[in-house]
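> have a look at this fold, sequence not included:
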Ligand code: SAM
Ligand code: DTB
Ligand code: SF4
(Lines give C-alpha, C1' and ligand atoms only; values in the text may rest on other atoms or scores of the structure.)
(Ligands and ions follow the chains in the order given, each with its own letter.)
Protein backbone atom coordinates (compact mmCIF):
# COMPACT_ATOMS: atom_id res chain seq x y z
CA UNK A 1 0.00 0.00 0.00
CA UNK A 2 1.30 3.44 -0.90
CA UNK A 3 0.62 5.93 1.85
CA UNK A 4 0.06 9.53 0.97
CA UNK A 5 -0.32 12.08 3.69
CA UNK A 6 -3.46 13.68 2.31
CA UNK A 7 -5.60 10.54 2.11
CA UNK A 8 -7.25 9.46 5.36
CA UNK A 9 -5.99 6.06 6.29
CA UNK A 10 -8.56 3.30 6.85
CA UNK A 11 -8.56 0.64 9.53
CA UNK A 12 -7.79 -2.02 6.93
CA UNK A 13 -4.85 0.05 5.64
CA UNK A 14 -3.44 0.11 9.16
CA UNK A 15 -4.03 -3.63 9.56
CA UNK A 16 -2.24 -4.31 6.27
CA UNK A 17 0.74 -2.22 7.37
CA UNK A 18 0.87 -3.76 10.84
CA UNK A 19 0.75 -7.27 9.34
CA UNK A 20 3.41 -6.65 6.66
CA UNK A 21 6.09 -9.38 6.83
CA UNK A 22 8.30 -8.25 9.68
CA UNK A 23 11.53 -7.49 7.83
CA UNK A 24 9.70 -5.61 5.09
CA UNK A 25 7.86 -3.60 7.71
CA UNK A 26 11.07 -2.67 9.51
CA UNK A 27 12.78 -1.82 6.22
CA UNK A 28 9.96 0.46 5.06
CA UNK A 29 9.69 2.15 8.43
CA UNK A 30 13.45 2.70 8.47
CA UNK A 31 13.24 4.28 5.00
CA UNK A 32 10.44 6.65 6.03
CA UNK A 33 12.28 7.45 9.24
CA UNK A 34 15.34 8.51 7.24
CA UNK A 35 13.28 10.71 4.93
CA UNK A 36 11.99 12.76 7.84
CA UNK A 37 14.55 12.48 10.63
CA UNK A 38 18.27 12.14 11.27
CA UNK A 39 18.53 8.44 12.20
CA UNK A 40 21.64 9.03 14.29
CA UNK A 41 19.80 11.32 16.73
CA UNK A 42 17.60 10.22 19.61
CA UNK A 43 15.82 12.75 21.82
CA UNK A 44 16.50 12.19 25.49
CA UNK A 45 13.63 13.08 27.83
CA UNK A 46 13.50 12.91 31.60
CA UNK A 47 10.39 12.20 33.64
CA UNK A 48 9.64 13.36 37.15
CA UNK A 49 6.68 12.35 39.25
CA UNK A 50 5.74 15.65 40.91
CA UNK A 51 2.77 14.10 42.76
CA UNK A 52 2.88 10.40 43.43
CA UNK A 53 0.26 7.76 44.20
CA UNK A 54 -3.15 7.96 45.81
CA UNK A 55 -4.92 8.40 42.46
CA UNK A 56 -8.70 7.81 42.46
CA UNK A 57 -8.72 6.23 38.96
CA UNK A 58 -8.62 2.45 38.45
CA UNK A 59 -6.23 2.08 35.47
CA UNK A 60 -5.38 -1.63 35.65
CA UNK A 61 -1.71 -1.14 34.81
CA UNK A 62 -0.97 1.66 37.23
CA UNK A 63 0.90 1.33 40.51
CA UNK A 64 -0.29 4.81 41.51
CA UNK A 65 -3.98 3.96 41.73
CA UNK A 66 -5.03 4.28 45.39
CA UNK A 67 -7.16 1.15 45.29
CA UNK A 68 -4.29 -1.29 44.56
CA UNK A 69 -1.70 -2.29 47.14
CA UNK A 70 1.57 -1.62 45.37
CA UNK A 71 5.10 -0.72 46.45
CA UNK A 72 4.50 2.96 45.57
CA UNK A 73 4.50 5.38 48.54
CA UNK A 74 2.20 8.39 48.24
CA UNK A 75 3.77 11.82 48.08
CA UNK A 76 2.02 15.18 47.85
CA UNK A 77 2.78 17.78 45.21
CA UNK A 78 6.48 18.70 45.23
CA UNK A 79 7.69 22.24 45.84
CA UNK A 80 8.88 24.16 42.77
CA UNK A 81 12.60 24.36 43.65
CA UNK A 82 13.37 20.61 43.86
CA UNK A 83 11.53 20.12 40.57
CA UNK A 84 13.71 22.76 38.92
CA UNK A 85 16.84 21.20 40.47
CA UNK A 86 15.89 17.90 38.82
CA UNK A 87 15.22 19.67 35.52
CA UNK A 88 18.60 21.41 35.64
CA UNK A 89 20.33 18.11 36.33
CA UNK A 90 18.44 16.49 33.44
CA UNK A 91 19.51 19.30 31.10
CA UNK A 92 23.13 19.06 32.22
CA UNK A 93 23.07 15.36 31.35
CA UNK A 94 21.85 15.96 27.79
CA UNK A 95 18.10 15.86 28.10
CA UNK A 96 16.13 18.38 26.02
CA UNK A 97 12.64 17.60 27.27
CA UNK A 98 11.41 17.45 30.85
CA UNK A 99 8.09 15.81 31.62
CA UNK A 100 6.25 16.29 34.89
CA UNK A 101 3.65 13.71 35.86
CA UNK A 102 0.96 13.89 38.54
CA UNK A 103 -1.23 11.04 39.77
CA UNK A 104 -4.40 13.07 39.39
CA UNK A 105 -7.68 12.14 37.72
CA UNK A 106 -8.01 15.74 36.58
CA UNK A 107 -6.60 19.18 37.23
CA UNK A 108 -8.44 21.39 39.71
CA UNK A 109 -8.28 25.17 39.75
CA UNK A 110 -6.44 25.63 43.01
CA UNK A 111 -3.07 26.58 44.51
CA UNK A 112 -1.63 23.22 43.43
CA UNK A 113 -2.33 24.01 39.80
CA UNK A 114 -0.76 27.45 40.27
CA UNK A 115 2.34 25.68 41.58
CA UNK A 116 2.47 23.42 38.52
CA UNK A 117 2.26 26.54 36.33
CA UNK A 118 5.29 27.90 38.21
CA UNK A 119 7.12 24.63 37.55
CA UNK A 120 6.37 24.97 33.83
CA UNK A 121 7.66 28.56 33.76
CA UNK A 122 10.83 27.47 35.57
CA UNK A 123 11.48 24.54 33.22
CA UNK A 124 11.09 26.86 30.23
CA UNK A 125 13.59 29.32 31.75
CA UNK A 126 16.11 26.47 31.80
CA UNK A 127 15.77 26.18 28.02
CA UNK A 128 14.07 22.80 28.08
CA UNK A 129 10.96 21.62 26.31
CA UNK A 130 8.29 21.37 29.00
CA UNK A 131 5.74 18.56 29.05
CA UNK A 132 3.10 17.71 31.67
CA UNK A 133 0.79 14.80 32.25
CA UNK A 134 -1.77 15.69 34.90
CA UNK A 135 -4.95 13.87 33.88
CA UNK A 136 -8.03 15.52 32.39
CA UNK A 137 -7.96 19.23 31.57
CA UNK A 138 -10.63 21.80 30.73
CA UNK A 139 -10.04 24.17 27.83
CA UNK A 140 -9.38 27.00 30.29
CA UNK A 141 -6.76 24.97 32.15
CA UNK A 142 -5.10 24.08 28.86
CA UNK A 143 -4.97 27.77 27.97
CA UNK A 144 -3.34 28.59 31.31
CA UNK A 145 -0.71 25.89 30.75
CA UNK A 146 -0.04 27.29 27.29
CA UNK A 147 0.34 30.81 28.75
CA UNK A 148 2.88 29.44 31.25
CA UNK A 149 4.90 28.19 28.26
CA UNK A 150 4.00 24.49 28.19
CA UNK A 151 5.14 22.85 24.94
CA UNK A 152 3.46 19.46 25.18
CA UNK A 153 0.80 17.60 27.10
CA UNK A 154 0.89 13.82 27.49
CA UNK A 155 -2.47 12.10 27.62
CA UNK A 156 -2.47 8.52 26.38
CA UNK A 157 -5.35 6.62 24.80
CA UNK A 158 -3.50 3.51 26.00
CA UNK A 159 -5.39 0.94 23.88
CA UNK A 160 -8.32 0.54 21.47
CA UNK A 161 -11.70 2.03 22.28
CA UNK A 162 -13.11 -1.54 22.48
CA UNK A 163 -10.55 -2.80 24.98
CA UNK A 164 -10.43 0.42 27.05
CA UNK A 165 -13.29 -0.58 29.36
CA UNK A 166 -11.45 -3.77 30.30
CA UNK A 167 -8.53 -1.75 31.66
CA UNK A 168 -10.16 1.40 33.07
CA UNK A 169 -13.71 1.91 34.32
CA UNK A 170 -13.51 5.32 35.99
CA UNK A 171 -13.36 7.33 32.75
CA UNK A 172 -14.21 6.86 29.09
CA UNK A 173 -12.38 7.02 25.80
CA UNK A 174 -14.48 10.07 25.04
CA UNK A 175 -13.20 11.83 28.19
CA UNK A 176 -9.67 11.19 26.92
CA UNK A 177 -10.47 12.53 23.44
CA UNK A 178 -12.05 15.67 24.91
CA UNK A 179 -8.90 16.55 26.87
CA UNK A 180 -6.79 15.89 23.77
CA UNK A 181 -8.96 18.35 21.85
CA UNK A 182 -8.67 20.95 24.63
CA UNK A 183 -4.89 20.59 24.49
CA UNK A 184 -4.87 20.90 20.70
CA UNK A 185 -7.18 23.93 20.73
CA UNK A 186 -4.91 25.70 23.22
CA UNK A 187 -1.99 25.35 20.80
CA UNK A 188 -0.05 22.88 22.96
CA UNK A 189 1.48 19.95 21.10
CA UNK A 190 -0.09 16.57 21.76
CA UNK A 191 1.79 13.58 23.17
CA UNK A 192 -0.46 10.54 22.93
CA UNK A 193 0.27 6.86 22.66
CA UNK A 194 -0.37 3.56 24.33
CA UNK A 195 0.73 0.48 26.17
CA UNK A 196 1.54 -2.92 24.66
CA UNK A 197 1.16 -6.10 26.70
CA UNK A 198 -2.09 -5.60 28.62
CA UNK A 199 -3.76 -8.67 27.08
CA UNK A 200 -5.01 -6.73 24.05
CA UNK A 201 -5.25 -8.39 20.65
CA UNK A 202 -3.43 -7.39 17.49
CA UNK A 203 -6.70 -5.83 16.32
CA UNK A 204 -6.75 -3.62 19.44
CA UNK A 205 -3.22 -2.40 18.68
CA UNK A 206 -4.20 -1.73 15.08
CA UNK A 207 -7.33 0.17 16.19
CA UNK A 208 -5.29 2.32 18.59
CA UNK A 209 -2.82 3.21 15.84
CA UNK A 210 -5.70 4.02 13.52
CA UNK A 211 -7.31 6.32 16.11
CA UNK A 212 -4.01 8.12 16.70
CA UNK A 213 -3.27 8.57 13.00
CA UNK A 214 -6.78 9.86 12.24
CA UNK A 215 -7.16 12.39 15.05
CA UNK A 216 -7.97 15.82 13.56
CA UNK A 217 -4.19 16.27 13.60
CA UNK A 218 -1.78 13.44 14.39
CA UNK A 219 0.02 13.74 17.74
CA UNK A 220 3.45 15.35 17.46
CA UNK A 221 4.67 12.76 19.95
CA UNK A 222 3.67 9.10 20.20
CA UNK A 223 4.93 7.20 23.24
CA UNK A 224 4.87 3.42 22.86
CA UNK A 225 5.09 1.81 26.30
CA UNK A 226 5.70 -1.83 27.09
CA UNK A 227 3.67 -2.70 30.17
CA UNK A 228 5.73 -2.61 33.33
CA UNK A 229 3.85 -5.23 35.35
CA UNK A 230 3.79 -4.05 38.96
CA UNK A 231 2.81 -6.28 41.90
CA UNK A 232 -0.54 -5.40 43.39
CA UNK A 233 -2.03 -4.13 40.11
CA UNK A 234 -4.59 -6.23 38.20
CA UNK A 235 -2.03 -6.68 35.41
CA UNK A 236 0.75 -7.85 37.74
CA UNK A 237 0.87 -11.34 36.23
CA UNK A 238 0.98 -10.38 32.58
CA UNK A 239 3.85 -12.07 30.76
CA UNK A 240 6.73 -9.98 29.45
CA UNK A 241 5.81 -8.06 26.31
CA UNK A 242 6.72 -9.70 23.01
CA UNK A 243 9.44 -7.57 21.44
CA UNK A 244 7.98 -8.17 17.98
CA UNK A 245 4.73 -6.52 19.06
CA UNK A 246 6.74 -3.49 20.18
CA UNK A 247 8.66 -3.40 16.92
CA UNK A 248 5.49 -3.68 14.85
CA UNK A 249 3.80 -0.92 16.87
CA UNK A 250 6.77 1.40 16.47
CA UNK A 251 7.25 0.68 12.77
CA UNK A 252 3.55 1.12 11.98
CA UNK A 253 3.41 4.34 14.02
CA UNK A 254 6.43 5.62 12.09
CA UNK A 255 4.80 4.85 8.72
CA UNK A 256 1.45 6.37 9.71
CA UNK A 257 2.90 9.46 11.42
CA UNK A 258 6.18 10.06 9.60
CA UNK A 259 6.95 13.45 11.17
CA UNK A 260 6.04 12.60 14.76
CA UNK A 261 8.47 11.74 17.50
CA UNK A 262 7.97 8.05 18.27
CA UNK A 263 9.12 7.39 21.79
CA UNK A 264 10.36 4.03 23.04
CA UNK A 265 8.93 4.67 26.51
CA UNK A 266 8.27 2.38 29.48
CA UNK A 267 9.65 -1.13 29.62
CA UNK A 268 13.23 -0.67 28.44
CA UNK A 269 14.65 -2.27 31.61
CA UNK A 270 13.38 -5.60 30.36
CA UNK A 271 14.79 -5.14 26.84
CA UNK A 272 18.21 -6.17 25.58
CA UNK A 273 20.40 -3.81 23.58
CA UNK A 274 19.48 -5.79 20.46
CA UNK A 275 15.76 -5.36 21.20
CA UNK A 276 16.20 -1.62 21.58
CA UNK A 277 18.34 -1.41 18.44
CA UNK A 278 15.45 -2.96 16.48
CA UNK A 279 13.08 -0.36 17.92
CA UNK A 280 15.39 2.48 16.79
CA UNK A 281 15.75 0.89 13.36
CA UNK A 282 11.95 0.64 13.16
CA UNK A 283 11.65 4.39 13.73
CA UNK A 284 11.77 5.13 17.44
CA UNK A 285 13.66 8.36 17.98
CA UNK A 286 13.31 9.15 21.66
CA UNK A 287 13.78 7.55 25.05
CA UNK A 288 13.24 8.43 28.69
CA UNK A 289 16.55 8.51 30.53
CA UNK A 290 17.47 8.19 34.18
CA UNK A 291 17.06 5.31 36.57
CA UNK A 292 13.38 5.97 37.21
CA UNK A 293 10.39 6.57 34.95
CA UNK A 294 7.61 7.92 37.20
CA UNK A 295 7.67 5.20 39.85
CA UNK A 296 9.25 2.18 38.14
CA UNK A 297 12.87 1.41 37.22
CA UNK A 298 14.47 2.46 33.95
CA UNK A 299 17.99 1.73 32.63
CA UNK A 300 20.47 4.13 34.24
CA UNK A 301 22.38 6.82 32.37
CA UNK A 302 25.54 4.67 32.23
CA UNK A 303 23.75 1.81 30.51
CA UNK A 304 22.20 4.20 27.98
CA UNK A 305 25.53 5.86 27.26
CA UNK A 306 26.94 2.45 26.37
CA UNK A 307 23.88 1.68 24.26
CA UNK A 308 24.23 4.95 22.32
CA UNK A 309 27.95 4.37 21.81
CA UNK A 310 27.41 0.82 20.60
CA UNK A 311 24.70 1.87 18.13
CA UNK A 312 26.35 5.11 16.98
CA UNK A 313 23.52 7.24 18.33
CA UNK A 314 23.75 10.77 19.69
CA UNK A 315 21.35 12.72 21.88
CA UNK A 316 19.23 15.12 19.85
CA UNK A 317 19.57 18.85 20.23
CA UNK A 318 16.40 20.65 21.29
CA UNK A 319 13.52 19.75 19.02
CA UNK A 320 10.91 22.34 19.89
N1 LIG B 1 -2.61 10.55 35.80
C2 LIG B 1 -2.33 11.03 34.51
C3 LIG B 1 -2.98 10.21 33.43
O4 LIG B 1 -3.21 9.01 33.65
O5 LIG B 1 -3.22 10.74 32.36
C6 LIG B 1 -0.84 11.14 34.21
C7 LIG B 1 0.14 10.10 34.72
S8 LIG B 1 -0.03 8.44 34.06
C9 LIG B 1 1.04 7.54 35.11
C10 LIG B 1 0.75 8.55 32.45
C11 LIG B 1 0.77 7.33 31.58
O12 LIG B 1 1.74 6.41 32.04
C13 LIG B 1 -0.49 6.48 31.49
O14 LIG B 1 -1.41 7.03 30.58
C15 LIG B 1 0.04 5.17 30.96
O16 LIG B 1 -0.01 5.14 29.55
C17 LIG B 1 1.49 5.17 31.43
N18 LIG B 1 1.72 4.09 32.42
C19 LIG B 1 1.31 4.08 33.71
N20 LIG B 1 1.66 2.94 34.32
C21 LIG B 1 2.30 2.19 33.40
C22 LIG B 1 2.87 0.89 33.44
N23 LIG B 1 2.84 0.14 34.54
N24 LIG B 1 3.46 0.42 32.32
C25 LIG B 1 3.48 1.18 31.20
N26 LIG B 1 2.94 2.41 31.11
C27 LIG B 1 2.35 2.91 32.19
C1 DTB C 1 4.19 7.70 28.69
O2 DTB C 1 3.53 7.32 27.71
N3 DTB C 1 5.06 6.98 29.36
C4 DTB C 1 5.62 7.71 30.48
C5 DTB C 1 5.06 9.12 30.25
N6 DTB C 1 4.13 8.93 29.18
C7 DTB C 1 4.43 9.86 31.35
C8 DTB C 1 5.20 7.14 31.81
C9 DTB C 1 5.48 5.71 31.96
C10 DTB C 1 5.16 5.34 33.37
C11 DTB C 1 5.54 3.94 33.70
C12 DTB C 1 5.11 3.52 35.03
C13 DTB C 1 5.76 4.28 36.16
O14 DTB C 1 6.99 4.47 36.19
O15 DTB C 1 5.04 4.63 37.10
FE1 SF4 D 1 -4.15 7.72 38.01
FE2 SF4 D 1 -2.85 8.24 35.74
FE3 SF4 D 1 -2.29 6.03 37.19
FE4 SF4 D 1 -4.60 6.17 35.91
S5 SF4 D 1 -2.54 6.16 34.98
S6 SF4 D 1 -4.32 5.50 38.04
S7 SF4 D 1 -5.07 8.34 36.07
S8 SF4 D 1 -1.95 8.13 37.80
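Structure received. The structure presented is a predicted model; accordingly, all values stated were derived computationally and were not measured. Numbering: from 1, shown residues only. Ligands and ions are numbered 1, 2, ... in the order given.

> what's near enough to touch residue 130?
Residues counted as contacts of residue 130 (C-beta atoms under 8 Å, 6 or more residues apart in numbering) are 97, 98, 100, 120, 123, 124, 149, 150, 151, 152. Any C-beta I mention is one placed from the backbone N, CA and C, and that applies to glycine too.

> with adjacent residues omitted, what lies nearest to it?
Nearest non-adjacent residue to residue 130, counting by C-beta to C-beta, 6 or more residues apart in numbering: residue 123, 4.2 Å away.

> secondary structure class for the residue of the stretch 201-320 of the chain found nearest ligand 3?
Here the stretch 201-320 of the chain gets closest to ligand 3 at one residue, residue 294, 8.1 Å apart by C-beta to the nearest ligand atom. Three-state call for residue 294 (DSSP: H, G, I helix; E, B strand; the rest coil): coil.

> next, count neighbours for it.
Residue 294 has 24 neighbours, counted by other C-beta atoms under 10 Å.

> was I right to think it contacts residue 52?
Yes. The criterion here is C-beta atoms under 8 Å, and residue 294 meets it with residue 52 at 7.4 Å.

> quick check: neighbours shared by these two?
Joint contacts of residue 294 and residue 52 (C-beta under 8 Å, 6+ apart) are residue 64.

> just the ones in strands from the contacts of residue 130, please.
The strands, defined by DSSP state E, take in 97, 98, 100, 152 from the contacts of residue 130.

> for the chain, what lies in contact range of ligand 2?
When proximity is defined by C-beta under 6 Å from any ligand atom, the chain lies next to ligand 2 at 47, 63, 99, 101, 133, 154, 156, 193, 223, 225, 228, 265-266, 293-296.

> again, only this time at 5 Å
Proximity of the chain to ligand 2 is confined to 101, 133, 154, 223, 225, 265, 266, 293, 294, 295, 296 under the rule C-beta under 5 Å from any ligand atom.

> make a markdown table out of those and add pLDDT.
Shown next, in a markdown table, are those (pLDDT from 0 to 100):
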| residue | pLDDT |
| --- | --- |
| 101 | 98 |
| 133 | 98 |
| 154 | 98 |
| 223 | 98 |
| 225 | 98 |
| 265 | 98 |
| 266 | 98 |
| 293 | 98 |
| 294 | 98 |
| 295 | 98 |
| 296 | 98 |
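
> and these, which are buried?
Buried subset of the residues of the chain next to ligand 2 (neighbour count, 16 or more other C-beta atoms under 10 Å): 101, 133, 154, 223, 225, 265, 266, 293, 294, 295.
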